[in-house]
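K.L.:
Mind folding the following:
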Amino acid sequence: MAYLLLAIALLIAGYFFYGAFVEKVFGINKKRSTPATTHCDGVDFVSMSKGRVYLIQLLNIAGVGPIFGPILGALYGPAALLWIVIGCIFAGAVHDYFSGMLSVRNEGQSIPNLAGKYLGRSSKHFMNVFAVILLLLVGVVFISAPAGLLARLTGVDVAIFLGIIFVYYLIATLLPVDKLIGRFYPFFGALLVFMSVGLTLALIFSSEHSVLPGVEAADFLTNLNPNDMPLWPALFITIACGAVSGFHATQSPLMARCIDNEENGRFVFYGAMIGEGVIALIWCTLALSFFGGVEGLNEGMAGNPANVVYEASTGLLGAVGGFLAILGVIVLPITSGDTAFRSARLILSEFFNLSQKHFSKRLVLALPLFAIGAVLTQVDFGIIWRYFGVANQTTAALMLWTASAYLMRENKFHWICTIPAIFMTVVVIAFLFSSKSLGFGLPIDISTVSSVLITMLWTFFVKSRINISPTDIVKSSV
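P.N.:
Reported below is the predicted structural model:
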């Protein structure tokens, strides 16, 4: 119990102290006009209140990632909790803040254009392709998961729910942001918060289940995976949402088009990520506690984290409460999946320079995306999830490098982005080199050394893209 409360307290402290420091390094301008007012079009650029934008941002970024990822990561033991806290404060929230605020400073542009501006044209082209692929994978993951849970709850064929969710996604993608997303998502965001709090309280006061039973301080640095899976670098790929997630870089520009003052950026972008970190902590703790440890979790999960969601929710809250909790888990991916397709549409519109004010032009870009998504739903969920994890963290690393390059150009303290960018780059490359299913299957020591060397070369390349001398870079970092 004490470990969970301490972890949550650290996340909250991170928002108030490190978040304030990050905001100071960026340098907000309260008097500067935002894209919501300068580019208001009644479709994607619409001014909203700070509270509404926060809840929408939280729902946009919090799909099944901060639930399924931490449940899978819990198989490694309490080390997963440690990564969520450290990753969220120093990497994930920083990543989300800069992906949002750089978009605010650049007329609401998406990540490919930001990468092109600060890292060069080749980075822009790479990110255009990579971001759309990631968003399609996200959309498919966030269709399959809720459809499967709905089918289990009702006994109705999963294909029917796939079709219903697809139709909803298309409508939400095409409608102006304030007509559906802006009206209902704040309510769903509140439901998400109450669901997380309810499950936590039920666990605390449960007579059958203890919070993190038998966990000692040394366990936070120990790999307890019952399947002998290596903690490095797999844990940092498995737990993305809740720690650091590149998908968020595609979502933050959506709300960057809706905030009406730069001073709201820390609450909306940094704060929403801290909120997702709390959700991730809760589900990681539930997974370890409800089943009595990693051995019980591995057996109860049976290869599918949805089983943990179902058993923990109904076991702690009963049939009615469990149904409402599962409903919250269903809402999460649905409200992220539609904005994933919406983001993909906007990225394509920027690439083709196609105005989205008219419905017909939005439809032209949306239909091909949904056709590809429909085909991908036929691929095994486990395969899609693995590719999503790698694509997600690769995007996160590139966004952090983009933010680092911006700070270098502005002669500001770039290490707040450079250090997590270096770490995530090493993680992704080491995973690809060592993974037998997605990469080359090399020994972990060779993979790690190679990833460090490649990351060093990439770091020098990024610095070479900045039109300042190495001396100036060092000075800006002191």
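
K.L.:
Next, count neighbours for residue 28.
P.N.:
Counted with other CB atoms under 10 Å, the neighbours of residue 28 add up to 17. Using the backbone N, CA and C atoms, a C-beta is placed for each residue, glycine as well.

K.L.:
quick one, what contacts the spatially closest residue to it that is not a sequence neighbour?
P.N.:
Of all residues not flanking residue 28 in the chain, residue 262 sits nearest, at 4.2 Å (CB to CB, 6 or more residues apart in numbering). Residue 262 sits next to 28, 29, 30, 32, 34, 101, 104 when contact means CB atoms under 8 Å, 6 or more residues apart in numbering.

K.L.:
Please check the residues you listed and keep the buried ones.
P.N.:
28, 34, 101, 104 (16 or more other CB atoms under 10 Å).

K.L.:
List just the nearest of those to residue 451.
P.N.:
residue 101 (29.3 Å; CB to CB).

K.L.:
who's in contact with that closest one?
P.N.:
Residue 101 makes contact with 26, 28, 256, 262, 265, 269 under the criterion CB under 8 Å, 6+ apart.

K.L.:
Report pLDDT for it.
P.N.:
You'll see residue 101 listed with a pLDDT of 97.

K.L.:
After the helix or strand where it lies, heading C-terminal, what element do we hit next?
P.N.:
Assessed by DSSP states H and E, residue 101 sits inside helix 93-105. Following helix 93-105 in sequence order, the next helix or strand is helix 111-119 (DSSP H and E).

K.L.:
Check whether residue 68 really touches residue 303, as I assumed.
P.N.:
No - between residue 68 and residue 303 there is no contact under CB atoms under 8 Å: 12.0 Å.

K.L.:
Looking at these two, which is more packed in?
P.N.:
Counted by other CB under 10 Å, residue 68 and residue 303 do not tie: residue 68 has more neighbours, with 25 against 8.

K.L.:
After the helix or strand encompassing residue 327, heading C-terminal, what element do we hit next?
P.N.:
Take DSSP H and E as the rule and residue 327 turns out to sit in helix 305-352. Following helix 305-352 in sequence order, the next helix or strand is helix 359-376 (DSSP H and E).

K.L.:
Flag every buried residue along that following helix.
P.N.:
362, 364, 365, 366, 369, 370, 373, 376.

K.L.:
So which residues make contact with it?
P.N.:
Counting by CB under 8 Å, 6+ apart, 43, 132, 136-137, 139-140, 143, 166, 169-170, 173-174, 341, 344-345, 348-349, 352, 354-356, 384 sit against helix 359-376.

K.L.:
for the helix holding residue 327, the distance to its chain's centre please.
P.N.:
The chain centroid and the centroid of helix 305-352 are separated by 13 Å under CA atoms, centre = their mean, to the nearest Å.

K.L.:
so that helix versus helix 359-376, what angle?
P.N.:
Here the directions of helix 305-352 and helix 359-376 differ by 140 degrees (axes from the mean of the first three to the mean of the last three CA atoms, to 10 degrees).
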